[in-house]
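Engineer: sequence unknown, structure follows:
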DNA sequence: CGGGATCCATAACCCGCTTATGCATAAGCT
DNA sequence: AGCTTATGCATAAGCGGGTTATGGATCCCG
């Protein structure tokens, strides 16, 4: 199980390198897939606290990847929206990440590769289920 | 590949919960397996900067999990050693972590479980190789 | 209209990580 | 011995990710 620790740190590290952290990338990806969202909604979806999301959005905004707009229907609300640059950067980052992971996987034997292809999505699904239940 | 992001964040989160971060747990584990080590050596082994390791050790020391001792053979050196408490906490943490992962895995189908058992160690090995080559 | 609920921002804090410095000891060369 | 260089560690400053506690707006509803 020590293996997991190393894996996590490796992925995190290689993710940070590209200029977009895992948290930022994840949030940006969601905005890309699902369109503009309320800040609180985003925080809940990404499973982080609201203040944390406020900070993350502030950083992303400073970097020009995201935009805050007022919610016409609710004076309190803030809609967060990915900019074109943001989406572009996200796509690029995702490609880089996929490439890094592919390089890693290529060093494995054929059956091991097969196992990874099965295991990762399965684990991701389990995480998803686990979270929605708690 | 978005799956990986979620997985990483999930593991990191559940790891932090137990009071021992991944970095701390990893370092403590190494000290347990390999005995007292030089601070710089530890930093290299854990693949982080020396100042980072200094800080990490300071925190672990404050928590009573680790001890700094002078290196008799080198006046500059500092040996870092896990305390009994440290080892105990580490073992406990590892058990908890294993349990959490097991719970996750139990929700998968039999072949998926098999795939995870193959994939994780393989990936960890690939990370190891990758790192030692660069 | 008034009071509770909701949305967001701010403040203050910890951990993980970095680079840039500085200080002390070690080692090597003359 | 003495001077220089290399090594080992600590400190400082700064960023990102994360938290709880708090406060100000706005909404909604009785």
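Structural biologist: Good, I have the coordinates. Here the structure is a predicted model, which means the values were calculated and not measured.
Engineer: what's the burial count for residue A:61?
Structural biologist: 15 (other CB atoms under 10 Å in any protein chain shown). All C-beta atoms are positioned from the backbone trio N, CA, C, and that covers glycine.
Engineer: contact partners for it?
Structural biologist: A:67, A:68 (CB atoms under 8 Å, 6 or more residues apart in numbering or on different chains).
Engineer: which SSE is it in?
Structural biologist: Here residue A:61, judged by DSSP states H and E, is contained in helix A:50-62.
Engineer: what residues sit buried inside that helix?
Structural biologist: A:53, A:56, A:57, A:60 (16 or more other CB atoms under 10 Å in any protein chain shown).
Engineer: repeat that for stretch A:19-38.
Structural biologist: For stretch A:19-38, burial by neighbour count (16+ other CB under 10 Å) applies to A:20-31, A:37-38.
Engineer: now do stretch A:69-88
Structural biologist: Of the residues in stretch A:69-88, A:78, A:79, A:80, A:82, A:83, A:86, A:87 count as buried by neighbour count, 16+ other CB under 10 Å.
Engineer: now, among these, which is nearest to DNA strand C?
Structural biologist: residue A:78 (3.8 Å; CB to the nearest atom of the strand).
Engineer: right, and that closest one touches residue A:38 too?
Structural biologist: Yes - if you go by CB atoms under 8 Å, residue A:78 and residue A:38 touch, sitting 6.9 Å apart.
Engineer: mutual contacts of these two, please.
Structural biologist: Contact with both residue A:78 and residue A:38 is made by residues residue A:71, according to CB under 8 Å, 6+ apart.
Engineer: now do the helix or strand where residue A:44 lies and helix A:50-62, the angle between them.
Structural biologist: Following DSSP H and E, one finds residue A:44 within helix A:39-46. Interaxial angle of helix A:39-46 relative to helix A:50-62 (axes from the mean of the first three to the mean of the last three CA atoms, to 10 degrees): 100 degrees.
Engineer: and helix A:39-46, anywhere near DNA strand C?
Structural biologist: Yes - counting by CB under 7 Å from any atom of the strand, contacts between helix A:39-46 and DNA strand C involve A:39, A:40, A:41.
Engineer: quick one: which of the residues you listed is most hemmed in?
Structural biologist: Counting by other CB under 10 Å, top hit in the residues of helix A:39-46 next to DNA strand C: residue A:39 with 18 neighbours.
Engineer: look up how far DNA strand D lies from the residue nearest the centre of chain A.
Structural biologist: Centrality entry for chain A: nearest residue to the mean C-alpha point is residue A:26, 1.2 Å, by CA atoms, centre = their mean. Using CB to the nearest atom of the strand, to the nearest Å, we find residue A:26 at a distance of 8 Å from DNA strand D.
Engineer: which element is that residue on?
Structural biologist: helix A:22-34.
Engineer: residues contacting that helix, please?
Structural biologist: By CB under 8 Å, 6+ apart, helix A:22-34 touches A:11-12, A:15-16, A:20, A:37, A:42, A:45-46, A:48, A:53, A:56-57, A:59-60, A:65-66, A:80-82, A:86-87, A:89-90, A:93-94, A:97, B:2, B:5-6, B:8-9.
Engineer: and those near DNA strand D, which?
Structural biologist: Residues of the contacts of helix A:22-34 in contact with DNA strand D (CB under 7 Å from any atom of the strand): A:48, A:56, A:59, B:9.
Engineer: tell me the one of the buried residues of helix A:50-62 nearest chain B?
Structural biologist: Proximity of the buried residues of helix A:50-62 to chain B (CB to the nearest CB) peaks at residue A:56, which lies at 12.7 Å.
Engineer: run through the residues that contact the closest one.
Structural biologist: By CB under 8 Å, 6+ apart, the contact list for residue A:56 reads A:23, A:24, A:27, A:48.
Engineer: go on, residue A:20?
Structural biologist: Neighbouring residues of residue A:20 by CB under 8 Å, 6+ apart: A:28, A:89, A:90, A:93.
Engineer: hang on, it in a helix?
Structural biologist: No - assigned with DSSP: H, G, I helix; E, B strand; the rest coil, residue A:20 falls outside any helix and is coil.
Engineer: what mean pLDDT does stretch A:52-66 get?
Structural biologist: The average pLDDT within stretch A:52-66 is 97.
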